[in-house]
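Novice: 3D, please:
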Amino acid sequence: MSLMSIFDISGSAMSAQSVRLNTTASNMANANSAAGSPDELYRARQPVFATVRAGLLNQANADAFGFGGDDSVGQGVRVTDIVESTAPFQQRYEPGHPLADAEGYVYYPNVNIVDEMTNMISSSRSYQMNVDVMNAARTMMQRVLSLGQ
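Specialist: Modelled structure (predicted):
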């Protein structure tokens, strides 16, 4: 693994965490949306991450300093899918609500605000840590270049 591949790895992680943060924001924005039936209801969504192998990233960067890429070594992350939660919906008896069904029930999404806040904090901190990794790698590269002066 070369020093240049750090930028690919951190960049892929930042992109994945950005998708996670956007998904969390969407879940939180729809947490209090109501519907008259479960079919019309917003469902909480979560991204699914997968390891990216060395052969799928920029191989020129992996070989920049003469190190061969090893396809068995993880070289980043990507979002493979965004899945809907299978958790049960909230069903509340509110006969006066304009969206109430014939029995007086209103349906609310299966979004847990505490879990979403935890995901938001975790994804924003992961994003920031990858920014710090990129800054550290940039600083190391600048120091290596200054050695020749």
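
Novice: dump the residue contacts of the spatially most central residue of the chain.
Specialist: Central residue of the chain (CA atoms, centre = their mean): Arg20, 2.4 Å from the mean position. By CB atoms under 8 Å, 6 or more residues apart in numbering, the contact list for Arg20 reads 47, 79, 119, 123. (C-beta placed from N, C-alpha, C; glycine too.)

Novice: Recalculate using a threshold of 6 Å.
Specialist: 47, 123 (CB atoms under 6 Å, 6 or more residues apart in numbering).

Novice: hang on, it in a strand?
Specialist: No - applying DSSP: H, G, I helix; E, B strand; the rest coil, one finds Arg20 to be helix, outside a strand.

Novice: State the pLDDT value of it.
Specialist: Arg20 carries a pLDDT score of 96 in this model.

Novice: Flag every buried residue along the helix ranked longest in the chain.
Specialist: In the chain, with assignment by DSSP state H, the single longest helix is helix 113-147. Applying a neighbour-count criterion of 16 or more other CB atoms under 10 Å, one finds 116, 119-120, 123, 126-127, 130, 133-134, 137 buried in helix 113-147.

Novice: Would you reformat those residues as JSON lines and include pLDDT and distance to Met28?
Specialist: Formatted as JSON lines, the buried residues of helix 113-147 follow (pLDDT from 0 to 100; distance: CB to CB, whole Å):
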{"residue": "Glu116", "pLDDT": "96", "distance to Met28": "5"}
{"residue": "Asn119", "pLDDT": "95", "distance to Met28": "9"}
{"residue": "Met120", "pLDDT": "96", "distance to Met28": "7"}
{"residue": "Ser123", "pLDDT": "96", "distance to Met28": "12"}
{"residue": "Ser126", "pLDDT": "95", "distance to Met28": "18"}
{"residue": "Tyr127", "pLDDT": "96", "distance to Met28": "17"}
{"residue": "Asn130", "pLDDT": "95", "distance to Met28": "23"}
{"residue": "Val133", "pLDDT": "93", "distance to Met28": "27"}
{"residue": "Met134", "pLDDT": "93", "distance to Met28": "28"}
{"residue": "Ala137", "pLDDT": "91", "distance to Met28": "33"}
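
Novice: Can you list the helices and strands that the longest helix of the chain packs against?
Specialist: For helix 113-147, the elements it packs on are helix 5-29, judged by 3 or more CB pairs under 6 Å, 6 or more residues apart in numbering; DSSP states H and E.

Novice: Alright, that wraps it up for me.
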